[in-house]
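Visitor: Predicted model and sequence below, questions to follow.
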Amino acid sequence: MRHCIKLWLSLFVLNVAGTESDPLLVEIANGKVQGRDNGGYYSYESIPYAEPPVGELRFEAPRPYLRQWRDIFDATQPPKYCLQWSMVIYESNKLMGHEDCLTVSVYKPKNDSRTSFPVLAVIHGGAFMFGGPVDVGHEYILASGNMIVVKMSYRLGPLGFLSAGDVDLPGNMGLKDQRLALNWIKKNIASFGGEPENILLFGASAGGASVHLQLLQEDIAQLVKGAISLSGNALDPWVVQQGGRAKAFELARLVGCRDMSSSAEVKKCLKSKDANDIVSAVRHFFVIGYVPFAVFGPVIEPDDATESFLIQHPEDIIRSGKLAEVPWLISYATEDGGFNAAVLLEKQSDGKELIEELNTRWNELAPDFLYYRQSMSSIEQMDNYSDYLKREYLGDRSFNLDSYWDVQRMFTDILFKNSVKKVIDLYKEYGQSPIYAYVYDNPPEAGLAQWLARRSDIHFGTVHGDDFFLMFGKQLQDTLPSDKKIISQNFIQMMEDFAQCPDGALNYANCKFNDNRKQEQMQLLSITRSGCENLEVKALI
């Protein structure tokens, strides 16, 4: 056992007399909640942390849920999806979820040898557009018996991120939801047996970027002890967006708002519209398929906005040094870009792959696939960059099945990987807390890329989410291949240690992560089927 495990074991003192006679009945500030016994663990689901964001509270910062329950609250119902136009629905109508959705769900392992547990607070991914807590499995972590898992819902798409860039409609409602949920966890988790001083914040993809954005708030160190961002950080080009005002007014036009003289009038009109119509209007912003995959997302709010969350670009915040002093782990997968590129191999009605359409539409579609449409000052500059990317990654070859891997490599570099080195370089210079990094390379037999491409005859490598599913998968862990079961268990042990180590040290299996601070070369832990290895790299592999 490593030193962190020994430390918390040495601090345990069983206190049977203080154990609740009914573990399913928990009392919090609002009253009592009734949970459910799931065999190996207890669950307390769909507990509201904010007032329903409907009516006059639509497009507003969340309001804490302060009501008192007269009766016992039924916490046995799984969390609802927030209203969304979902990428994972095949049908043309991709609308699903509910506008009233701001809840947290707590999952506690059965372990008589402990009276308290560190806490893993999870922000789900989904490009800020789709997904929900029910997509995040908790069984693997609870089976180890050493951590409580808390999952939060937050507003998505236009309901969570519509912004006109001014004080009337500043945006970032979804990020503010996350912060309020973290406040709820800090305040209430002890009632469930959680350790409020040992909260580890976790997210993957947009969840990972959300974690980073939360870390850019200096006082977040009062709420969490450490943080993990898998395949997503605030400097990825799809995270902080420009052009929000134009999209807000266009959405208002699409749902029939007539008075668009100001953002105040736009917001007033949109508050009167059916939420289903607002979210369904998202489909008009795609140029092909579900591209761009993050139509509405975080924005920089004006300086004079009330209850603002982000008033500077993340890079500027990092350079200012005004960061939370929280140990942070950041990662990427060797072929992360398969999440975005795999759809190009879906066969069309004529039997050809979609990728071939790029031969005639590359300059038109590349800025939306790779998120630089809003960052370029002219069409000429945008076209020049598109041409450069094609030359750099494909040379004089065409877009087709044979060149797909180079397209996927391009998507990986631009959308996920390049920012990892940039973030680490910035934190090395301006940060004060430990920052760790790993690269994951162990492709599954079949994974997310095969599902997106709707075919199983292609090898995509290790793509976006392949490590995440080994931590938060929903199938039985015993059904995993032996190598992935070992990796899964190592990841879970890594998180348990990280939540409890007093000095922020971090280990994976027999490898100790090297802290990137004050290091000349970037420190990167390589995790593969055969084990782990510390690397010093000048450029990401």
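Guide: It's in. Numbers count the residues shown, from 1 in each chain.
Visitor: Output the contacting helices and strands for the one helix or strand Ala341 maps to.
Guide: Assessed by DSSP states H and E, Ala341 sits inside helix 338-341. When contacts are defined as 3 or more C-beta pairs under 8 Å, 6 or more residues apart in numbering; DSSP states H and E, helix 338-341 packs onto helix 404-412, helix 448-453. The way it works is simple: take the backbone N, C-alpha and C, and place the C-beta from them, glycine included.
Visitor: Now the last one: buried residues?
Guide: So that's helix 448-453. Buried residues in helix 448-453, counted by 16 or more other C-beta atoms under 10 Å: 448-450, 452-453.
Visitor: what's the distance between whatever helix or strand comes next after that helix and the middle of its chain?
Guide: Later in the chain than helix 448-453, the nearest helix or strand by DSSP H and E is helix 468-472. Taking C-alpha atoms, centre = their mean, to the nearest Å, one finds helix 468-472 lying 13 Å from the centre of the chain it belongs to.
Visitor: Name the next helix or strand downstream of helix 468-472, please.
Guide: Following helix 468-472 in sequence order, the next helix or strand is helix 482-500 (DSSP H and E).
Visitor: which strand of this structure spans the most residues?
Guide: Looking across the chain with DSSP state E, the single longest strand is strand 194-204.
Visitor: got the contact list for whichever helix or strand comes after it?
Guide: Remark: after strand 194-204, the chain's next helix or strand is helix 206-215, criterion DSSP H and E. Helix 206-215 is touched from outside by 122-129, 131, 175, 178-179, 182, 201-203, 220, 224, 227-234, 236, 239, 294, 297-298, 309-310, 314, 323-324, 326, 328, 330, 423, with contacts defined as C-beta atoms under 8 Å, 6 or more residues apart in numbering.
Visitor: quick one: helix 206-215 to strand 194-204, angle?
Guide: Using axes from the mean of the first three to the mean of the last three C-alpha atoms, to 10 degrees, the direction of helix 206-215 lies 120 degrees away from that of strand 194-204.
Visitor: Dump helix 206-215 to PDB, restricted to CA.
Guide: C-alpha atoms of helix 206-215 as PDB (Å, rounded to 0.1, in the frame of the first residue of the first chain):
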ATOM      1  CA  ALA A 206     -16.700  19.100 -21.800                       C
ATOM      2  CA  GLY A 207     -16.800  17.900 -18.200                       C
ATOM      3  CA  GLY A 208     -13.000  18.100 -18.100                       C
ATOM      4  CA  ALA A 209     -13.100  21.600 -19.600                       C
ATOM      5  CA  SER A 210     -15.700  22.500 -17.000                       C
ATOM      6  CA  VAL A 211     -13.400  21.300 -14.200                       C
ATOM      7  CA  HIS A 212     -10.600  23.600 -15.600                       C
ATOM      8  CA  LEU A 213     -13.000  26.500 -15.800                       C
ATOM      9  CA  GLN A 214     -14.000  25.900 -12.200                       C
ATOM     10  CA  LEU A 215     -10.400  25.900 -11.200                       C
END
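Visitor: Against Leu95, how distant is the most centrally placed residue in the chain?
Guide: Nearest to the mean C-alpha position of the chain, counting by C-alpha atoms, centre = their mean, stands Gly207 at 1.0 Å. Plainly put, Gly207 is 22 Å away from Leu95 if you go by C-beta to C-beta, to the nearest Å.
Visitor: any chance you could map the helices in the stretch 151-300 of the chain?
Guide: Along the stretch 151-300 of the chain, the segments classed as helices by DSSP state H, counting those that start in this stretch run 157-161, 173-188, 206-215, 244-254, 263-272, 275-280.
Visitor: Quick check: Tyr238 touching Ala294?
Guide: One thing to correct before we go on: residue 238 is Trp, not Tyr. Yes: at 4.7 Å, Trp238 counts as touching Ala294 under the criterion of C-beta atoms under 8 Å.
Visitor: ok so, going back, just give me how far the helix holding Ala341 sits from the chain centre.
Guide: With C-alpha atoms, centre = their mean, you get 16 Å for helix 338-341.
Visitor: What of stretch 132-147?
Guide: Worked out by C-alpha atoms, centre = their mean, stretch 132-147 lies 16 Å from the chain centre.
Visitor: buried residues in that stretch?
Guide: Within stretch 132-147, the residues scored as buried using 16+ other C-beta under 10 Å are 132-134, 136-143, 145-147.
Visitor: and which of these is nearest Asp259?
Guide: Comparing these against Asp259 with C-beta to C-beta places Gly132 closest, at 34.0 Å.
Visitor: buried ones in stretch 22-30?
Guide: Quick answer for stretch 22-30 (16+ other C-beta under 10 Å): 26, 28, 30.
Visitor: wait, stretch 230-244
Guide: 230-241, 244.
Visitor: coming back round to it: roughly how far apart are the residue nearest to the centre of the chain and Cys257?
Guide: Distance of Gly207 to Cys257, computed by C-beta to C-beta: 32 Å.
Visitor: what do you get for Pro434?
Guide: 49 Å.
Visitor: neighbour count winner among the two?
Guide: Pro434 (21 against 18; other C-beta atoms under 10 Å).
Visitor: Pop out the phi and psi values for that one.
Guide: Here is the backbone geometry of Pro434 (degrees, to the nearest 10): phi -60, psi 140.
Visitor: Now the common contact residues for Trp238 and Ala294.
Guide: 127, 371.
Visitor: Can you tell me what sits against stretch 294-314?
Guide: Stretch 294-314 is touched from outside by 61, 127-129, 157-158, 160-163, 165-167, 170-172, 174-176, 179, 206, 209, 212-213, 216-217, 234-235, 238-242, 244, 247, 282, 285-286, 320, 371, with contacts defined as C-beta under 8 Å, 6+ apart.
Visitor: again, but for stretch 352-359
Guide: The contact list for stretch 352-359 (C-beta under 8 Å, 6+ apart) reads 288-289, 343-348, 365-366, 398-401, 403-404, 407.
Visitor: re the thing from before, can you tell me which of the buried residues of stretch 132-147 are in strands?
Guide: Reading strands off these, I find no matches (DSSP E).
Visitor: For the stretch 401-541 of the chain, give me the ranges with low pLDDT.
Guide: Across the stretch 401-541 of the chain, residues meeting the criterion (pLDDT under 70) sit at 476-477, 541.
Visitor: please redo it, this time with the cut-off set to 50
Guide: Nowhere does the stretch 401-541 of the chain drop to pLDDT under 50.
Visitor: same check, this time on the chain
Guide: Within the chain, the ranges that satisfy pLDDT under 50 run 1, 3, 5-19.
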